[in-house]
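Undergrad: Fold the following.
(one chain, ligands or ions: 1)
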Amino acid sequence: IGVVPKLRDVFAGYFRIGAAVNPRTLVSSADLLARHFNCITAENEMKFERIHPHEETYAFEDADRLAGFAREHGMKMRGHTLVWHNQTPDWLFEKPGGGLADKALLYARLKAHIDTVVGRYKSDVFCWDVVNEAVADEGSELLRESKWLRIAGEEFIAKAFEFAHEADPDALLFYNDYNESHPAKREKIVTLVRSLKARGVPIHGVGLQAHWQLRSPPADDIRAAIERYASLGLKLHITELDVSVFEWDDRRADLKSPTAEMMELQERRYEQIFRIFREYRDVIECVTFWGVADDYTWLDHFPVRGRKNWPFLFDERHQPKPSFWKVVNGA
Ligand SMILES: Oc1ccccc1CN[C@@H]1C=C[C@@H](O)[C@H](O)[C@H]1O
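TA: Below you'll find the model as predicted:
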């Protein structure tokens with residue numbers, strides 16, 4: 001059989017190729033990771049609820065193991081994520097006697113968290129998703145409702161970037177979001193990031209999660225989003241790429257394997273996506289998949305629990321799919 005080219009070598013002149021990993025896939029996908037990738041992101045292990053479950057308790061073991069793998073294999077590591085409305089423990093927002101914490105207490109806790117976590121991984125993590133998904137999806141509001149916003153107002157975003165910069169002045173600091181190519185949400189993200197930059201907040205990049213489907217978002221929206229974010233003069237990272245075989249509102253759960261049509265569409269979709277990424281190689285520094293191979297994806301639980309999905313370039317047996325060959329042959 002022909003030798004399978006290494007993704008990271010195929011794209012050496014364009015951008016780093018990354019994957020989200022967790023303690024299980026670190027073992028099950030170790031060979032694919034070592035061969036094809038030169039950057040990793042902890043899928044959950046550096047999130048607030050996992051690494052700092054109680055005010056006086058930090059849990060570094062899993063994150064340390066992932067950072068160790070990156071070090072052993074000469075890979076870079078993206079830090080994900082410091083401030084988010086999801087997967088964040090309730091204690092952070094509570095006053096000792098009960099009730100909502102005030103801004104001063106929340107900031108003191110956030111600074112302690114960031115000093116501890118960013119400080120610990122200073123030599124392993126080269127960039128952080130400092131704030132994840134703060135922009136509202138629908139409606140006229142710029143920011144989504146959250147305990148962060150309720151307690152501290154919109155300044156929590158700038159504060160998080162300032163704390164992260166103080167903890168590691170060398171780290172590249174990113175704002176990360178999904179549905180980043182939807183025109184309305186795209187313009188809100190541009191408004192937020194432009195305002196942060198104008199106020200001298202230490203922000204260096206925008207993370208496009210790129211949780212995409214076979215037919216959406218359209219290529220023109222993806223191009224427009226990359227152009228608009230690039231116009232801010234910041235670095236772009238594709239941070240959580242996967243191509244679901246189901247459209248967002250398709251809740252069918254009857255399939256045990258992808259249909260031939262799905263695989264044909266996915267092949268053409270990945271070819272189109274990587275043609276766009278190569279075109280914007282000057283501003284895109286890193287392309288990270290939100291997983292490695294089809295044997296495990298967060299999409300197996302979201303948006304439909306227990307519904308299998310097949311979103312990656314490698315199949316459930318870790319073999320390159322037709323999409324893989326379209327991507328490497330297009331480079
Ligand atoms: O695609 C979405 C739709 C609705 C809400 C959030 C998202 C994406 N949210 C992402 C997905 C998986 C998590 O592991 C990541 O940390 C998170 O950034």
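
Undergrad: surely Phe246 meets Ala253?
TA: No. The criterion here is Cβ atoms under 8 Å, and Phe246 misses it with Ala253 at 9.3 Å. Where C-beta positions appear, they are placed from N, C-alpha and C, glycine not excepted.

Undergrad: ok, Trp298 touching Phe289?
TA: No. At 11.3 Å, Trp298 does not count as touching Phe289 under the criterion of Cβ under 8 Å.

Undergrad: The two: which is more packed in?
TA: Using other Cβ atoms under 10 Å as the criterion, Trp298 and Phe289 rank with Phe289 on top: 26 against 17.

Undergrad: who's the more buried one bridged to?
TA: Ala19, Leu241 (DSSP bridges).

Undergrad: How about the residues of the chain by the ligand?
TA: 43, 132, 178, 209, 211, 240, 298 (Cβ under 6 Å from any ligand atom).

Undergrad: run the last query once more with 8 Å
TA: Counting by Cβ under 8 Å from any ligand atom, the chain comes close to the ligand at 20, 43-44, 47, 80-81, 84, 86-87, 129, 132-133, 176, 178-179, 209, 211, 239-240, 290, 298, 302-303.

Undergrad: before we move on, the earlier item: can you check which residues contact both of Phe246 and Ala253?
TA: 304, 307 (Cβ atoms under 8 Å, 6 or more residues apart in numbering).

Undergrad: Looking at the two, which has the bigger crowd around it?
TA: Phe246 (21 against 11).

Undergrad: is it fair to say the more buried one lies in a strand?
TA: No. Applying DSSP: H, G, I helix; E, B strand; the rest coil, one finds Phe246 to be coil, outside a strand.

Undergrad: roughly how far apart are it and Leu255?
TA: 9 Å (Cβ to Cβ, to the nearest Å).

Undergrad: hey, what's in contact with both of these two?
TA: Counting by Cβ under 8 Å, 6+ apart, nothing touches both Phe246 and Leu255.

Undergrad: Tally up the residues packed near Asn86, please.
TA: By other Cβ under 10 Å, the burial measure for Asn86, its neighbour count, is 11.

Undergrad: Which pLDDT value goes with it?
TA: For Asn86, the pLDDT comes out at 98.

Undergrad: right, and the secondary structure at it would be what?
TA: Strictly by three-state DSSP, Asn86 counts as coil.

Undergrad: mind pulling up the phi and psi values for it?
TA: Asn86 adopts backbone torsions of phi -100, psi 160, taken as degrees, to the nearest 10.

Undergrad: check contacts around the nearest residue in space to it that is not next to it in sequence.
TA: Nearest non-adjacent residue to Asn86, counting by Cβ to Cβ, 6 or more residues apart in numbering: Glu133, 7.5 Å away. Residues near Glu133 by Cβ under 8 Å, 6+ apart: 84-86, 144, 176-178.

Undergrad: Output the residues you listed in a markdown table; the columns should cover distance to Ala104.
TA: Listed next are these as a markdown table, based on distance: Cβ to Cβ, whole Å:
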| residue | distance to Ala104 |
| --- | --- |
| Trp84 | 21 |
| His85 | 20 |
| Asn86 | 24 |
| Arg144 | 23 |
| Asn176 | 27 |
| Asp177 | 28 |
| Tyr178 | 31 |
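
Undergrad: Only whichever of those residues are buried, select them in PyMOL.
TA: Selection of buried members from these for PyMOL, criterion 16 or more other Cβ atoms under 10 Å:
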select buried, resi 84+176+177+178
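
Undergrad: Find the nearest non-adjacent residue to the closest residue to the ligand within the stretch 201-331 of the chain, please.
TA: Distances between the stretch 201-331 of the chain and the ligand by Cβ to the nearest ligand atom are smallest at His211, namely 4.0 Å. Among residues not flanking His211 along the chain, Tyr178 sits closest, at 5.3 Å (Cβ to Cβ, 6+ apart).

Undergrad: Please apply the same query to Ala293.
TA: Nearest to Ala293 is Phe314, by Cβ to Cβ, 6+ apart, at 3.7 Å.

Undergrad: Correct me if wrong: the one you found contacts Gly291.
TA: No. Taking contacts as Cβ under 8 Å, Phe314 lies outside contact range of Gly291: 9.5 Å.

Undergrad: Of the two, give the one with the bigger neighbour count.
TA: Gly291 (26 against 22).

Undergrad: Checking that one next. Helix, strand or coil?
TA: coil.

Undergrad: OK, contacts around the closest residue in space to it that isn't next to it in sequence?
TA: Distances taken as Cβ to Cβ, 6+ apart place Thr297 nearest to Gly291, at 4.8 Å, with adjacent residues excluded. Residues in contact with Thr297 (Cβ under 8 Å, 6+ apart) are 242, 290-291, 309-312.
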